[in-house]
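S.K.: sequence below, structure please.
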Amino acid sequence: MLEQFPPTEAVALAALAEQHGFTGVMASDHFQPWVPRQGESSFVWSVLAAIGQRTSGDLGPGVTTPTFRMHPAVVAQASATLASMYPGRHWLGIGSGEALNEHIVGQYWPEAPERINRMFEAVDIIRRLFAGSIAGRDVRHDGPNFKLESTRLWTMPPVAPEILVATAGPVTARRAGKHVDGLITTSAPIDRVAPLLARFAEGARESGRDASKMPKVLQLHLSWAATDEEAMRNALAEWPIGGLRFGRSDIRSPFEFEQIARTVRPEDFDGRMIVSADTDVHRANIQRYLDLGFDRIYLHNVGRNQAEWIEVFGRDVLPGLRR
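M.R.: You can find the predicted model right below:
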């Protein structure tokens, strides 16, 4: 989470994680942190490029929004460049955006259905730019939300990066199955996540594809520390948004989040995020999602105790997981 760590520290932690058995990196694309205490928010594409030099696994933004702060063509260029630097390693994670990051450019902030429509129009532009550039032809677009004059990506890898759409809603999951390469969602109770995978599979079938061969990715927030008490302190101090019981996409300022986060209590994390010192509890929770059908799970320990967590999970949790 680039909201929590300076970019050089984030790069070093990614390298340390690979040394302890982790195999890939998802980096958040934020213009502001969730709450002021987190204190950072570096540019994800710069950090991913540096991480690529220090690691050998997959890497991608989790997730970027190509609809307000950045035009789809700019996101396509950033992704194509990263994929050219690190062939076969980069995937492009896309979301519909949150006001915290996207409203900074002062545009009208629409309701969720419009944001989702804008996202899929942006996905169409990016896909066409990828395909046209590989084929050596220009692409033009004139749609309800975006315009693109005839152009192509002049730095483009032979194979386009996979495009994964992030969602927590079944309608968007089905649409993602029809139009993109894979799905990303965040940690939630199994009975809420399972329908997303089912709807994603429906969409894939409607487009003549097999969802079992498409990436299904989970971002799993957790809080581990040497004691349960420390794990809970970390959750409350560093990641109170994990305990919020309502939508957060319309909140515009870290200081607003800070005020709301003061209402979060330990019991608010129940069913939403594992807060425990017991590595067996964490391993069992991760395994449940693997059994559900996720191909890749990116773990986010919410505390600042990153080096200790990486070492402990690399030793006591990762070896016990079964695909």
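S.K.: which stretches in this protein count as helices?
M.R.: Using DSSP state H, the helices of the chain run over 7-19, 44-54, 72-85, 99-102, 112-135, 170-179, 190-206, 228-238, 254-261, 279-292, 306-316.
S.K.: next, count neighbours for residue 49.
M.R.: Using other CB atoms under 10 Å as the criterion, residue 49 is surrounded by 18 other residues. To be clear about C-beta, it is placed using only N, CA and C from the backbone, and glycine gets the same treatment.
S.K.: adding distance to residue 150 and mean pLDDT, write the helices of the chain out as JSON lines.
M.R.: Converted to JSON lines, these look like this (distance: least, CB to CB, whole Å; pLDDT from 0 to 100):
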{"stretch": "helix 7-19", "distance to residue 150": "36", "mean pLDDT": "98"}
{"stretch": "helix 44-54", "distance to residue 150": "25", "mean pLDDT": "98"}
{"stretch": "helix 72-85", "distance to residue 150": "12", "mean pLDDT": "98"}
{"stretch": "helix 99-102", "distance to residue 150": "27", "mean pLDDT": "97"}
{"stretch": "helix 112-135", "distance to residue 150": "10", "mean pLDDT": "98"}
{"stretch": "helix 170-179", "distance to residue 150": "23", "mean pLDDT": "97"}
{"stretch": "helix 190-206", "distance to residue 150": "31", "mean pLDDT": "95"}
{"stretch": "helix 228-238", "distance to residue 150": "47", "mean pLDDT": "97"}
{"stretch": "helix 254-261", "distance to residue 150": "40", "mean pLDDT": "94"}
{"stretch": "helix 279-292", "distance to residue 150": "44", "mean pLDDT": "97"}
{"stretch": "helix 306-316", "distance to residue 150": "46", "mean pLDDT": "98"}
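S.K.: quick one: contacts for residue 95?
M.R.: Residues near residue 95 by CB atoms under 8 Å, 6 or more residues apart in numbering: 63-65, 119, 165-167, 184.
S.K.: distance of residue 15 relative to residue 233?
M.R.: According to CB to CB, to the nearest Å, residue 15 and residue 233 sit 28 Å apart.
S.K.: residue 323 now?
M.R.: Counting by CB to CB, the separation of residue 323 from residue 233 is 33 Å.
S.K.: ok, residue 206 next?
M.R.: Going from residue 206 to residue 233 by CB to CB gives 47 Å.
S.K.: which one of these two is surrounded by more residues?
M.R.: Set side by side, residue 206 and residue 233 give different neighbour counts by other CB under 10 Å, the larger being at residue 233 (16 against 12).
S.K.: separation between that one and residue 305?
M.R.: Counting by CB to CB, the gap from residue 233 to residue 305 is 11 Å.
S.K.: what's the overlap in contacts for these two?
M.R.: What both residue 233 and residue 305 touch, as defined by CB under 8 Å, 6+ apart, is the set residue 225.
S.K.: neighbours of the nearest residue to residue 240 once chain neighbours are set aside, just the number please.
M.R.: Spatially, and ignoring its direct neighbours in sequence, residue 240 is nearest to residue 261 (3.6 Å; CB to CB, 6 or more residues apart in numbering). Other residues within reach of residue 261, judged by other CB under 10 Å, total 20.
S.K.: before we move on, the earlier item: tabulate the helices of the chain (JSON lines), appending distance to residue 213.
M.R.: As requested, the helices of the chain are exported to JSON lines (distance: least, CB to CB, whole Å):
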{"stretch": "helix 7-19", "distance to residue 213": "26"}
{"stretch": "helix 44-54", "distance to residue 213": "26"}
{"stretch": "helix 72-85", "distance to residue 213": "20"}
{"stretch": "helix 99-102", "distance to residue 213": "32"}
{"stretch": "helix 112-135", "distance to residue 213": "18"}
{"stretch": "helix 170-179", "distance to residue 213": "12"}
{"stretch": "helix 190-206", "distance to residue 213": "9"}
{"stretch": "helix 228-238", "distance to residue 213": "36"}
{"stretch": "helix 254-261", "distance to residue 213": "39"}
{"stretch": "helix 279-292", "distance to residue 213": "17"}
{"stretch": "helix 306-316", "distance to residue 213": "29"}
